[in-house]
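[1] Return atomic coordinates for the entry below.
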Amino acid sequence: MKLGIDNAQVMYVEADLRRRPTPQIVADSVEMVREFRPDAFGVEVNQFQELLVADLQRVGAERKVHLPIYTIPNNVNKEVRIRRLGSYLSQRKFRFKSRSPGTALLVQQLQDFPVGDHDDGPDALEMALRLAIEMWNGRFAPKP
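    Take a look at the predicted model:
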């Protein structure tokens, strides 16, 4: 998930929701950071996902790409977290990249929520938004 915010606090979103093996996720993530050069790269650390941090750091170092990794714990119910997006959506604060299959899938999942079969995209968007807010407020520190 890519999230950019302009001076008017409009958020630009691009999603890549393709399923792939873990080594490909790591490689694609490092390449995305190399190209996009984000201020932060969030990694969910519930369950097994925290294991990705070491792989991301290793591959980033091999490719000489600095990864500004921030870990994101999820201690609140997923449906509650996704519902946090509601006020931003109703205020039309998001702009979704057109002609992007992953972003189109994200929009579909948002429209289908909470009765849709999949909510990984909205969940990732909520985490990206939360990371941006936490960074803005100076509460998150990068993973060493």
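
[2] C-alpha from now on. contacts and neighbour counts both.
    Noted.

[3] Is residue 16 in contact with residue 104, as I believe?
    No: between residue 16 and residue 104 there is no contact under C-alpha atoms under 8 Å: 9.7 Å.

[4] and the two? which has more neighbours close in?
    Taking neighbours as other C-alpha atoms under 10 Å, residue 16 and residue 104 compare with residue 104 leading, 18 against 15.

[5] So that one versus residue 6, what's the distance?
    22 Å (C-alpha to C-alpha, to the nearest Å).

[6] Against residue 55, how distant is the residue lying farthest from the centre of the chain?
    Most distant from the centre of the chain: residue 62, at 23.1 Å, with distances by C-alpha atoms, centre = their mean. Distance, residue 62 to residue 55, using C-alpha to C-alpha: 11 Å.

[7] the helices in this protein, which residues?
    Ranges of helices within the chain are 22-36, 51-62, 78-83, 86-90, 101-112, 120-136, based on DSSP state H.

[8] JSON lines for those helices, including mean pLDDT and distance to residue 68?
    Converted to JSON lines, the helices of the chain look like this (pLDDT from 0 to 100; distance: least, C-alpha to C-alpha, whole Å):
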{"stretch": "helix 22-36", "mean pLDDT": "97", "distance to residue 68": "9"}
{"stretch": "helix 51-62", "mean pLDDT": "95", "distance to residue 68": "10"}
{"stretch": "helix 78-83", "mean pLDDT": "97", "distance to residue 68": "24"}
{"stretch": "helix 86-90", "mean pLDDT": "97", "distance to residue 68": "26"}
{"stretch": "helix 101-112", "mean pLDDT": "98", "distance to residue 68": "23"}
{"stretch": "helix 120-136", "mean pLDDT": "95", "distance to residue 68": "12"}
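
[9] Compare the ones you listed and give me the one nearest residue 10.
    Closest approach to residue 10 among those (C-alpha to C-alpha): helix 86-90, 9.4 Å.

[10] So which residues make contact with that closest one?
    Residues from elsewhere that reach helix 86-90, judged by C-alpha atoms under 8 Å, 6 or more residues apart in numbering: residue 94.
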